[in-house]
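*Asks:* No sequence on hand, only this structure:
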């Protein structure tokens, strides 16, 4: 999940370490329930916090604007193929705005329900659905360009 | 027909299509959406498009941790300190009598030990969950390593080995994408 959100191994490892610190701090207040949902929430919020923090800095490592950072086009052969290569999908995923990327990863990579995603991101279910749909549409558009 | 159309797409289903794909619509909403799809080629085409993206995303293979990553995390989760009684035992004796001493431990020590155990279990579970290890998925799209190795013209060079590119600073590769 960390790799899918960040798009590279270095940032994914940093994210996991930060998540573990937050998990350690929050473990005593953890209420028995969905451990996966709890961890997904912490991971996503840590990722979004880091994205916002980097956004304020001149060097922006996480691409936020899909129009500004366009993943390389996979070419016509991929557009014609029924399957996309994982690296191309990951690159397209990395080009999505963080809010769309988080919703799509939580839905299609982690497998959370819309309600669980809404709880994790603190947004209504309708917003979750909209972000997932737009994220998928953007990703498909990039991969078939 | 009941309308589910978002304001920016007054004549089409829009994000209801993803809700339909994910089984997140109520039965009557899903039925109405299917009825709309029967007479709307534009929405049917969009359904196929987002469905394709969804399939690609769900087919992404699990990503395993780079070599040595778990070891680097270990200092963040120190092992619980042994109790005074356990310190008096040899390692062999400690292995022989762990449960009896656990029962004899005073309540505050037992609580500490339970918390330490919870922390250790939490660390392992958190790392595995966050990294996606063991997450059930569909089959990876990429060819397996043996298939790649058998392909003509493939040699184990760093330039062509996909795995080597993922290894941080020449650390031996022991993970796959």
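*Replies:* Looks like it came in fine. Everything numeric here is computed off the predicted structure, so don't read it as measured data. Residues are numbered from 1 along each chain as shown, chains lettered A, B, ... in the order given.

*Asks:* Which residues does stretch A:97-109 contact?
*Replies:* A:1, A:4-5, A:40, A:44, A:47-48, A:51, A:62, A:64-66, A:93-94, A:96, A:112, A:114, A:116-117, A:120-121, A:128, A:131-132, A:134-136, A:138-139, B:22, B:54, B:57-58, B:60, B:132, B:135 (Cβ atoms under 8 Å, 6 or more residues apart in numbering or on different chains). Where you see a C-beta, it was placed from the backbone N, CA and C, and this is true even at glycine.

*Asks:* do that again at 7 Å, thanks
*Replies:* Applying Cβ atoms under 7 Å, 6 or more residues apart in numbering or on different chains, the external contacts of stretch A:97-109 come out as A:1, A:4-5, A:40, A:44, A:47-48, A:51, A:62, A:64, A:66, A:93, A:96, A:112, A:117, A:120-121, A:128, A:131-132, A:134-136, A:138, B:22, B:54, B:57-58, B:60.

*Asks:* Which helix or which strand is home to residue 13?
*Replies:* Just going to use chain A. If you go by DSSP states H and E, residue A:13 is part of helix A:9-26.

*Asks:* That was the other one, I meant chain B.
*Replies:* Using DSSP H and E, residue B:13 falls outside every helix and strand.

*Asks:* do residue B:60 as well
*Replies:* Residue B:60 belongs to no helix or strand, assigned by DSSP H and E.

*Asks:* From chain A, how far out is it?
*Replies:* Residue B:60 is 5 Å from chain A, where distance means Cβ to the nearest Cβ, to the nearest Å.

*Asks:* nearest spatial neighbour of that residue, skipping sequence neighbours?
*Replies:* Distances taken as Cβ to Cβ, 6 or more residues apart in numbering or on different chains place residue A:86 nearest to residue B:60, at 5.4 Å, with adjacent residues excluded.

*Asks:* The one you found - how many residues pack around it?
*Replies:* Taking other Cβ atoms under 10 Å in any protein chain shown as the criterion, the count of residues near residue A:86 is 18.

*Asks:* And residue A:91, by the same measure?
*Replies:* Residue A:91 has 17 nearby residues by other Cβ under 10 Å.

*Asks:* to the chain's geometric centre, what's the distance from the host helix or strand of it?
*Replies:* Residue A:91 belongs to helix A:86-94 when assigned by DSSP H and E. With Cα atoms, centre = their mean, to the nearest Å as the basis, helix A:86-94 stands 11 Å off its chain's centre.

*Asks:* Can you list the buried residues in that helix?
*Replies:* A:86, A:88, A:89, A:90, A:91, A:92, A:93, A:94 (16 or more other Cβ atoms under 10 Å in any protein chain shown).

*Asks:* The helix or strand following the helix holding residue A:13 packs against which elements?
*Replies:* Next helix or strand after helix A:9-26 toward the C-terminus (DSSP H and E): helix A:35-55. Applying 3 or more Cβ pairs under 7 Å, 6 or more residues apart in numbering or on different chains; DSSP states H and E, we find helix A:35-55 packed against helix A:2-6, helix A:9-26, helix A:98-104, helix A:114-121, helix B:107-131.
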